[in-house]
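Peer 1: Need a 3D model of the following:
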Amino acid sequence: QFPEIHKVRCLNHTSETSYLAPGNVTIVVIPDIQNKNVFDIYQPRLSKATLNKVQNYINQLNSLHINTIVINPEYEEVEISLKVKFRPGYDENYYQKVLNEDLTKFLSPWAFEKSVDLQFGTTLHKSIIINYIEKLKYVDFITDLQIKHQGELKTSIVPSNPKAILVSAKQHKISSLQ
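Peer 2: Predicted coordinates for the structure are as follows:
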């Protein structure tokens, strides 16, 4: 019915304020971003008008005892800070920018590759990020890697609720080791 929607997550017994609300259903929708002009590719959203159209359509199909709301996902940014030693022959200033872009691609791959989907419920471990960075051809080694999610430093990150998706911060804190 709505080709502008790519993926839907249905949360039973969930209202805007509670995850224990019988008779309520929350539908979280992800827009189709393939070959579309999206305002923020890292945090794609449907317009309020489209959300209302979907909600009205679904409520026409529901029984009178079910209240449905349709919302965009909550996007939770993940920021990485680290110190890096680049391999000899790689310009530090240039490759700091390249590393920032590579981290962004790793944390929000759908913004760069058409074949990758946005995922709900993804868990991000510090060890996976370290492994990814150390495999980059221009990185010799890294130290002091920290992951910040919702203002807190963590070693493992999961979205704070079923409506949320982890996304990359637009800028990570990268400093060079001499």
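Peer 1: Same question for Glu79, what's its three-state structure.
Peer 2: strand (DSSP: H, G, I helix; E, B strand; the rest coil).
Peer 1: so how far is Asp40 from it?
Peer 2: The gap separating Glu79 from Asp40 is 17 Å, by C-beta to C-beta, to the nearest Å. For the C-beta atoms, the positions are set from N, CA and C on the backbone; glycine is no exception.
Peer 1: Neighbour count: those two, which is higher?
Peer 2: Neighbours of Glu79 and Asp40, each counted by other C-beta atoms under 10 Å, are more numerous for Glu79; the result is 18 against 11.
Peer 1: Low-confidence bits of this structure, can you list those?
Peer 2: Scanning the chain for pLDDT under 70 picks out 34-39, 114-116.
Peer 1: which stretches of it form strands?
Peer 2: 5-12, 24-31, 67-71, 74-86, 124-125, 139-149, 152-154, 156-157, 164-168, 173-176 (DSSP state E).
Peer 1: any chance of these in TSV, with distance to Asn100 too?
Peer 2: Formatted as TSV, these follow (distance: least, C-beta to C-beta, whole Å):
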stretch	distance to Asn100
strand 5-12	27
strand 24-31	25
strand 67-71	31
strand 74-86	9
strand 124-125	17
strand 139-149	13
strand 152-154	19
strand 156-157	19
strand 164-168	10
strand 173-176	6
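Peer 1: ok, now which ones touch Gln1?
Peer 2: By C-beta atoms under 8 Å, 6 or more residues apart in numbering, the residues touching Gln1 are Tyr57.
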